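J.: Kindly return the folded structure for what I paste below:
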Amino acid sequence: MPGLQFRDACTTDLEAIRELTLSAYNEYATLMPAHWDRYRQAILGTLADVKPAEQIVAEQDESLVGSVLLYPAGTVFHTSAGNPVTLAYPEIRLLAVLPAARGRGIGQALVRECIRRARFAGATTITLHTTDAMRVAMRMYERMGFVRAPELDFHPAEDLTIKGYRLDLDPSAA
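T.: Just a heads-up that it's a prediction; the model follows:
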């Protein structure tokens, strides 16, 4: 991809990242109407305080076209029931590509950047979560070698499964 560059986000990017992410995820409002408001609030809450994640942006022609969060292993999250969950592996979250920039491989390139960083940090596995509503993303993850990891699934609502995926990292590919 000519001109595509990655860098860590800076404070001047935060509003653009928020707008880009909401724009990218807005299509799910109609696919999961019963859960959209809560999901949107979770996105906004996550973006308001991304620590300890690395917030990575993709730029092309001096414009932000994508972003992603990479959480380190050991990060503790709390479920909707308040139970703590500790990440065993680095985890990719909130992968977002500007809708007008889709189809150019930006999402896949951001995932590869997360994989590169995880390998550099010594990780042997990287994980992510997605839902059935995100079919395009699921196909991309599977093409990249991610496999379903049902042991990572969680259920924020009785009728909603957030599916876990994992990719074992080949240390010789670093």
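
J.: List the buried residues in the longest helix anywhere in the chain.
T.: For the chain, the helix with the greatest residue count under DSSP state H is helix 106-120. By 16 or more other Cβ atoms under 10 Å, the buried positions in helix 106-120 come out as 106-111, 113-115, 117-119. Any C-beta I mention is one placed from the backbone N, CA and C, and that applies to glycine too.

J.: from those, which single one is nearest residue 125?
T.: Nearest to residue 125 out of these is residue 118 (Cβ to Cβ; 8.3 Å).

J.: Tell me which residues touch that closest one, please.
T.: Residues in contact with residue 118, defined by Cβ atoms under 8 Å, 6 or more residues apart in numbering, are 70, 89-90, 126, 169.

J.: quick one, strands of the protein?
T.: Here the chain has its strands, by DSSP state E, at 5-8, 54-60, 63-71, 76-78, 84-86, 91-97, 125-130, 147-148, 154-157, 160-168.

J.: Among those, show the one with the smallest mean pLDDT.
T.: Sorting these by mean pLDDT places strand 154-157 lowest, at a mean of 76.

J.: Work out the sheet partners of that strand and label each with its direction, please.
T.: strand 160-168 (antiparallel) (DSSP bridges).

J.: Return the set of buried residues in the partner strand.
T.: So for strand 160-168, counting by 16+ other Cβ under 10 Å, buried means 160, 163-167.

J.: Save those as CSV, and put in distance to residue 13 too.
T.: Below are those laid out as CSV (distance: Cβ to Cβ, whole Å):
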residue, distance to residue 13
160, 30
163, 29
164, 29
165, 27
166, 29
167, 27
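
J.: Closest to residue 45 out of these?
T.: Set against residue 45, the nearest of those by Cβ to Cβ is residue 160 (17.4 Å).

J.: The closest one reaches residue 31, doesn't it?
T.: No. Counting by Cβ atoms under 8 Å, residue 160 does not reach residue 31; the two are 11.5 Å apart.

J.: tell me the angle the longest helix of the chain makes with strand 63-71.
T.: In terms of direction (axes from the mean of the first three to the mean of the last three Cα atoms, to 10 degrees), helix 106-120 departs from strand 63-71 by 40 degrees.

J.: and helix 106-120, how far from the chain's centre?
T.: 11 Å (Cα atoms, centre = their mean, to the nearest Å).

J.: State the mean pLDDT of that helix.
T.: For helix 106-120, mean pLDDT is 96.
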